[in-house]
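1. return a 3D structure for these sequence lines:
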Amino acid sequence: MSDAFLSHAPADAAWATELASRLAAHGVRVFLDEWSLLPGDVVVHRLEAEIRDTANALALISPASVASPRAHEEYAALATAGARHDLRFIPLLLGDVTLPPFAANRTWRDFRDVGAQEYDAKVAELAAVILGHAPDPATGHADSLAAALP
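-> Residues are numbered from 1 along each chain as shown. Purely as a prediction, here's the structure:
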């Protein structure tokens with residue numbers, strides 16, 4: 001079982017893979033279809049099982065995902081799972097896009113126009129949250145704790 005399910009549009013696969021690699025470097029086990037789906041898997045069954053069993057979901061919201069029927073289906077499944085069990089659903093904004101209404105009631109992270117240092121801090125914060133590390137009382141964010149992660 002993974003620590004986090006990463007939903008993205010096919011056009012965002014390179015960005016998603018980079019994010020998944022960075023999260024993995026912090027010890028997060030990421031379900032990314034490019035890594036996790038095996039020959040012979042029934043895709044819809046595997047995705048449903050992973051969404052049902054994961055405690056964390058990251059959804060890349062980008063111009064490509066807004067136009068992707070597959071991304072819309074995954075978002076709907078994630079929203080439903082969030083209502084049925086304790087799923088931490090974190091929208092991640094990329095590119096010139098507005099947060100969709102279904103994700104507006106969640107705390108999201110903005111990856112639009114971030115530099116390398118800010119990107120690393122946001123990834124570290126996501127990793128800390130996914131792994132269950134409490135926020136730093138001094139900052140209110142998990143990023144300083146994530147710096148101590150392996």
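2. counting neighbours, what do you get for Ile61?
-> The tally of other residues near Ile61 (other Cβ atoms under 10 Å) stands at 28. In short, each C-beta sits where N, CA and C put it, glycine included.
3. what bridges to it?
-> Under DSSP bridges, the beta-bridge partners of Ile61 are Leu93.
4. hmm, it is touching Pro101, no?
-> No - in this structure Ile61 lies outside contact range of Pro101 using Cβ atoms under 8 Å: 11.5 Å.
5. residues touching the spatially most central residue of the chain, list them.
-> The residue lying closest to the centre of the chain (Cα atoms, centre = their mean) is Leu58, at 1.8 Å. By Cβ atoms under 8 Å, 6 or more residues apart in numbering, the contact list for Leu58 reads Ala4, Phe5, Leu6, Ser7, Leu19, Ile90, Leu92, Leu126.
6. for Pro100, same thing?
-> Ile61, Val66, Tyr75, Pro91.
7. quick one: which two of the residues you listed are the most distant?
-> Farthest-apart pair in those is Val66 and Pro91; separation 11.8 Å (Cβ to Cβ).
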